[in-house]
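K.L.:
Just need the structure, nothing else, for what follows:
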Amino acid sequence: MVWLARDSCVAAVILLLTVLSPPVALVRDPTPRFLEQYKSECYFYNGTQRVRLLVRYIYNREEYTRFDSDVGEFRAVTELGRRDTICRHNYEISDRFLVPRTVEPKVTVYPSKTQPLKHHNLLVCSVSDFYPGSVEVRWFRNGEEEKDGLVSTGLIPNGDWTFQLLVMLEMVPQGGEVYTCQVEHPSLTSPVRVEWKAQSTSAQNKKMSGVGGIVLGLLFLGAGLFVYFRNQKGQSGLQPTGLLN
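P.N.:
Residues are numbered from 1 along each chain as shown. I've put the predicted structure just below:
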């Protein structure tokens with residue numbers, strides 16, 4: 001009986017394998033496969049006095065790109081390793097699945113020094129915290145574009161993928177002149193324009209005096225309201241003496 005049971009189990013296993021063998025055979029014959037390999041090799045000479053690093057990129061058993069520390073750069077081994085072959089092709093594929101990231105720039109305009117009118121100065125247009133790095137900054141004086149006397153720092157990375165840029169305009173400001181910094185960037189639906197008006201020292205002092213007067217008036221108003229509401233609160237807390245009797 002033991003041998004019969006064992007024979008029955010073997011027969012059942014054979015039958016099961018026979019039934020399952022066609023699907024298994026189909027699974028083992030899929031569409032053509034593609035193999036991407038990465039190999040890193042270290043070669044030591046005279047102990048560890050000299051070390052050579054080789055990094056190989058292999059596609060379907062064929063090396064297409066190699067980095068050699070003795071050369072100091074990546075080099076294509078086959079046509080597939082050339083940047084125009086793989087990078088441009090992959091960019092066209094992946095670009096359709098990427099969400100473009102844009103960050104609007106912050107624009108401020110200020111003179112580099114406090115100078116009276118008719119004295120040489122630099123007017124600074126600060127463009128900060130924007131992405132991507134493609135940006136166009138233009139200066140205008142009284143509506144006319146200024147192309148001479150421009151100094152730029154170039155793109156400065158902030159370390160968080162955003163950039164900043166300073167574009168300075170050499171000028172000798174005259175009373176009443178209006179300088180405008182115009183910034184165009186992919187994140188903006190229309191250009192940003194920030195104005196700076198040339199004013200005499202007396203005009204600036206009057207403006208500051210006016211601002212100071214407004215601030216002082218607001219402080220007095222706030223103090224008066226505070227005293228008023230505090231007195232009102234104190235009076236509402238007192239009860240009439242007639243109610244106590």
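K.L.:
who's in contact with R61?
P.N.:
Applying C-beta atoms under 8 Å, 6 or more residues apart in numbering, we find R61 in contact with 35, 37. Where you see a C-beta, it was placed from the backbone N, CA and C, and this is true even at glycine.
K.L.:
let me fix that: N158
P.N.:
Contacts of N158 by C-beta under 8 Å, 6+ apart are 128-129, 164.
K.L.:
try 7 Å this time
P.N.:
Applying C-beta atoms under 7 Å, 6 or more residues apart in numbering, we find N158 in contact with 129, 164.
K.L.:
Look up phi and psi at it.
P.N.:
Note on N158: backbone dihedrals following degrees, to the nearest 10 are phi -90, psi -10.
K.L.:
Over to L216?
P.N.:
According to degrees, to the nearest 10, the main-chain angles of L216 amount to phi -60, psi -40.
K.L.:
tally of neighbours for it?
P.N.:
A count of nearby residues for L216, using other C-beta atoms under 10 Å, gives 10.
K.L.:
for L80, same thing?
P.N.:
Under the neighbour criterion other C-beta under 10 Å, L80 is assigned a count of 16.
K.L.:
cool, and W139?
P.N.:
Residues within reach of W139, counting by other C-beta under 10 Å, total 22.
K.L.:
Now the helix or strand containing it - C-alpha only, CSV.
P.N.:
Using DSSP states H and E, the element containing W139 is strand 136-141. The C-alpha coordinates for strand 136-141 follow below in CSV (Å, rounded to 0.1, in the frame of the first residue of the first chain):
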residue,chain,number,x,y,z
GLU,A,136,16.1,88.7,-19.5
VAL,A,137,16.7,92.0,-17.7
ARG,A,138,16.5,95.4,-19.4
TRP,A,139,16.9,98.9,-18.2
PHE,A,140,14.9,102.0,-19.4
ARG,A,141,15.3,105.7,-18.8
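K.L.:
Mind listing residues that contact stretch 98-111?
P.N.:
In this structure, residues lying in contact with stretch 98-111 by C-beta under 7 Å, 6+ apart are 121-132, 135, 162, 181, 183, 185-188, 192, 194, 196.
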